[in-house]
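> Sharing a model prediction with you, sequence too.
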Amino acid sequence: MARLLGFYPYRAPFEASGKWKQMAKFNPFRPGSVISPGMFVGRFEEIQVAEHALLQTRNGNPQHFVIEGERGIGKSSLCLWLDYLAKGDFPYDKINRLSFVVVSVELHEGMNYDDIVDVLLSELKRQIANRQQLLESCKKAWEFLSRFQVGGVKYDRPAQPVTDHRRLDELTDVLVNLIEESGGSIEGVAVLIDEADRPASAANLGQLCKLLTERLARRRCERVCIGLFGLPGLLGKLKDSHESSLRIFNILTLEPLEPPERIAVIEKGLEEAARKNQFETTISEEAKAMIANLSEGYPHFLQEFAHCAFAIDDDNNISVDDVLDGTFKEHGALNQLGKKYFADLYIDQIGSEDYRRVLIAMAESLDGWVSRQAILERSKVKEKIVDNALHALRERKIIFLNPRVRGEYRLPTKSFAVWIRAREEQKAVEARAAIQAAPSS
């Protein structure tokens with residue numbers, strides 16, 4: 001149970017009896033979890049753009065943004081940070097705070113247009129219900145929301161044909177009435193939609209955003225900011241649903257953390273551990289650099305490698321050996337990342353080791369384009385097998401073909417390439433260990 005709660009046994013210095021003293025040790029690193037604002041690091045440019053959008057919206061010049069990026073790059077953590085910022089939980093300039101009603105939702109596969117509107121209305125209802133001042137002042141908005149229920153999904157009123165436009169008009173009415181009746185008690189509404197890529201193009205999220213902003217503008221309600229967060233496929237889905245929907249957004253792509261930011265994540269985690277454990281866990285500079293380099297700047301990778309190194313440490317000083325053991329042990333960080341992210345791409349769909357050697361060769365270029373000739377030279381696999389592999393991997397959507405340059409291919413994501421490279425490093429470490437362990441002749 002202790003392990004499930006993030007606590008791990010550690011061995012403190014010897015007691016007088018000469019035995020190890022066992023205690024509970026809080027592990028501050030959280031692979032697979034959204035990072036709280038207090039532990040957030042980096043993303044200064046993206047935060048600046050989103051902060052500017054909120055400030056402009058507050059002053060009647062609404063700005064909207066899309067933040068896209070690979071899985072595990074930190075989109076949901078940034079969404080949570082902006083949620084706190086917009087609500088005024090901390091200042092944006094060390095002194096002043098914003099005061100937005102934040103409608104923060106997460107979308108799911110299978111959602112349609114009406115489902116998206118319903119989840120927005122449901123969260124808006126919850127937010128207003130938590131503010132007594134808004135309940136008293138925003139009578140028109142609350143009159144509708146108090147009759148709105150999501151359960152089947154249904155409205156507590158006589159059934160009548162529902163069209164997309166009517167549902168959108170209802171959302172528009174609620175937002176307009178809320179801002180007009182708030183009497184300045186709020187500065188605007190921030191609509192933050194995470195996992196925005198998950199519904200199909202047919203859900204028409206792009207159309208919803210475009211038409212909503214136009215309706216609000218016609219009603220002279222210009223204090224609503226929309227922020228979308230999703231995988232790179234989000235932009236295509238938005239465009240599919242409305243050709244010009246991308247024009248209303250400032251589009252940002254999250255990249256891996258820079259080396260100093262990776263180090264800062266590790267140091268912040270150890271600071272939190274020291275506060276909660278009431279003793280310090282140190283880390284060598286070499287171990288710190290190894291975790292930062294292994295992660296290649298992917299926040300989820302960084303959390304996983306640091307988590308496993310911290311867990312395996314038994315003397316409150318994380319060493320290179322702790323990092324290696326935590327990464328490469330049977331159920332270590334590399335194994336966990338593979339199961340969570342890449343088992344389907346690299347193991348389940350591929351039965352040939354030669355096909356994996358093709359992927360290994362491509363991973364040398366991360367997610368950059370690689371020529372067929374370079375793959376042949378790097379992989380040392382026979383030409384016919386390489387051609388078969390490239391065809392099969394394309395069919396299974398494990399690699400992509402360059403539509404502009406004949407004979408060039410790439411892996412789908414940089415994180416996939418990073419994991420493949422780390423996996424090969426594991427094999428190299430094991431091979432070196434086997435050589436060292438072999439008896440000398």
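Received, thanks.
> How many residues are close by residue 269?
Look at residue 269: counted by other C-beta atoms under 10 Å, it has 24 neighbours. For glycine as for every other residue, the C-beta is placed from the backbone atoms N, C-alpha and C.
> buried residues in the helix or strand where residue 180 lies?
With elements delineated by DSSP states H and E, residue 180 resides in helix 164-181, which encompasses its position. Under the neighbour-count criterion of 16 or more other C-beta atoms under 10 Å, helix 164-181 has 167-168, 170-179, 181 buried.
> What of stretch 380-387?
Taking 16+ other C-beta under 10 Å as the neighbour-count basis, stretch 380-387 is seen to contain the buried residues 381, 385, 386.
> Kindly export that stretch (C-alpha atoms) in PDB.
The C-alpha atoms that make up stretch 380-387 are tabulated as PDB, following Å, rounded to 0.1, in the frame of the first residue of the first chain:
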ATOM      1  CA  LYS A 380      22.900  -3.600 -42.300                       C
ATOM      2  CA  VAL A 381      19.700  -5.400 -43.300                       C
ATOM      3  CA  LYS A 382      19.400  -6.900 -46.800                       C
ATOM      4  CA  GLU A 383      17.900  -4.500 -49.400                       C
ATOM      5  CA  LYS A 384      14.800  -6.700 -50.100                       C
ATOM      6  CA  ILE A 385      14.000  -7.000 -46.400                       C
ATOM      7  CA  VAL A 386      14.300  -3.300 -45.900                       C
ATOM      8  CA  ASP A 387      11.900  -2.600 -48.700                       C
END
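> so who does residue 232 touch?
Residues near residue 232 by C-beta atoms under 8 Å, 6 or more residues apart in numbering: 68, 69, 70, 197, 253.
> and if you look at residue 399?
If you count contacts by C-beta under 8 Å, 6+ apart, then residue 399 has 359, 362, 390, 393, 409, 410, 411, 412 around it.
> What of residue 187?
Counting by C-beta under 8 Å, 6+ apart, the residues that residue 187 touches are 58, 98, 99, 100, 223.
> Now, of those residues, which are buried?
Applying 16+ other C-beta under 10 Å to the contacts of residue 187, the neighbour count classes 58, 98, 100, 223 as buried.
> Redo the residues you listed as JSON lines? Include secondary structure and pLDDT.
What follows is the buried ones among the contacts of residue 187, written out as JSON lines (DSSP: H, G, I helix; E, B strand; the rest coil; pLDDT from 0 to 100):
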{"residue": "58", "secondary structure": "helix", "pLDDT": "94"}
{"residue": "98", "secondary structure": "coil", "pLDDT": "93"}
{"residue": "100", "secondary structure": "strand", "pLDDT": "94"}
{"residue": "223", "secondary structure": "coil", "pLDDT": "93"}
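> so which of the residues you listed comes closest to residue 124?
Of all those, residue 100 has the smallest distance to residue 124: 12.1 Å, by C-beta to C-beta.
> Mind telling me the two of the contacts of residue 399 farthest from one another?
Taking C-beta to C-beta, the two most distant members of the contacts of residue 399 are 390 and 412; they sit 14.2 Å apart.
> what about those two, which has more around it?
With neighbours defined as other C-beta under 10 Å, residue 390 and residue 412 compare such that residue 390 has more, 19 against 15.
> tell me the SS of the more buried one?
When states are read from DSSP: H, G, I helix; E, B strand; the rest coil, the local structure at residue 390 comes out as helix.
> State the mean pLDDT of stretch 326-333.
Mean per-residue pLDDT for stretch 326-333: 86.
> buried set for stretch 409-418?
Neighbour counts over stretch 409-418 (16+ other C-beta under 10 Å) mark 409, 410, 411, 413, 414, 415, 416, 417, 418 as buried.
> Inside helices: which ones of those residues?
When helices are assigned by DSSP state H, the members of the buried residues of stretch 409-418 inside them are 414, 415, 416, 417, 418.
> The third one reaches residue 343, doesn't it?
Pointing back at residue 416 there. No. Under the criterion of C-beta atoms under 8 Å, residue 416 makes no contact with residue 343, lying 11.5 Å away.
> so what sits against both of these two?
Counting by C-beta under 8 Å, 6+ apart, residue 416 and residue 343 have no shared contacts at all.
> which one of the buried residues of stretch 409-418 is nearest residue 330?
For residue 330, the nearest member of these is residue 418. The distance, counting by C-beta to C-beta, is 20.9 Å.
> Nothing else from me, thank you.
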